[in-house]
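1. fold the stuff below for me.
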Amino acid sequence: RIVFLRNEIEKAQSLIESRTKDVNIETLDKLKGKIGLSVVEGEGIEIVIDDSPTSSREGANISDTLLVQASDIRDLVNMLNAAKVDAISINNQRIIAQSPISSIGTSILINNSYISPPFTINAVGDSGSIMQRILNEALLPSIYKRSKKGEIRFKAEPKAFLSIPIYNGDFKANNLNIVK
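-> From the prediction side, this is the model:
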């Protein structure tokens, strides 16, 4: 009887260990996706935002209203994050919580890399709810106003399949603690 009970206990412990391992691996995979360490694939939307066809990012007569600004891209990324998308990329640069989106003169830097227009923003998530937000002009008033005037080009469309690459920038480890 004791041998039988020990065998049952060992079977139960093995089952618990295998299930725990699967849950831990699943949790780890989700976390890796959230911080940009794994490719994220699925349905989503593709947004293309571009400078006016009559504009130039070089020369003496540069008009800011005819150029896509870093703030326009930040507005789109913030709106997508509010829509709880699974992952975002801009011109194949994965965007994570600490991704800098800035400008130097007329150049736009994303993850400290120079990015040229047109800017293709891909977001994996529920394309219906994301499109609902994108089409709400009150959430992106500057972009819609300039787009209607022909100062910039802006379009968004749902996609059945998108693949968001892994983050290839640097991670700052200022607040990390090593656990032993």
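
2. switch to C-alpha atoms for all contacts and neighbour counts from now on
-> Noted.

3. what mean pLDDT does the helix or strand hosting Thr27 get?
-> Element membership for Thr27, per DSSP states H and E: helix 2-34. In this model, helix 2-34 has an average pLDDT of 78.

4. and the strand or helix carrying Lys159, what's its mean pLDDT?
-> According to DSSP H and E, Lys159 maps onto strand 152-164. Confidence over strand 152-164 (mean pLDDT, whole number) is 96.

5. run the chain-centre distance for that strand.
-> Centre-to-centre, strand 152-164 and its host chain are 12 Å apart (Cα atoms, centre = their mean, to the nearest Å).

6. need the residues that contact stretch 105-113.
-> 57-58, 69-70, 90, 93, 95, 99-103, 114-116, 169 (Cα atoms under 8 Å, 6 or more residues apart in numbering).

7. and the next helix or strand past the helix or strand of the chain with the lowest mean pLDDT?
-> Lowest by mean pLDDT, DSSP states H and E among the helices and strands of the chain is helix 2-34, with a mean of 78. Using DSSP H and E, the helix or strand that follows helix 2-34 towards the C-terminus is strand 40-51.

8. check which helices and strands that following strand sits against.
-> On a contact count with 3 or more Cα pairs under 8 Å, 6 or more residues apart in numbering; DSSP states H and E, strand 40-51 meets strand 119-124, helix 127-134, strand 152-164.

9. check which helices and strands the first one sits against.
-> Using 3+ Cα pairs under 8 Å, 6+ apart as the contact criterion, the neighbours of strand 119-124 among helices and strands are strand 40-51, strand 87-90, strand 152-164.

10. tell me the most buried of the ones you listed?
-> For the helices and strands packed on strand 119-124, the largest average neighbour count (mean count of other Cα atoms under 10 Å) is found in strand 87-90, namely a mean of 24.

11. and the residue most central in space within the chain, bridged to which residues?
-> When Cα atoms, centre = their mean is applied to the chain, the residue found nearest the centroid is Ile88 (1.6 Å). Here Ile88 shows beta-bridge partners Ile95, Ala123, assigned using DSSP bridges.

12. tell me who's in contact with it.
-> 77, 80, 94-96, 121-124, 164.
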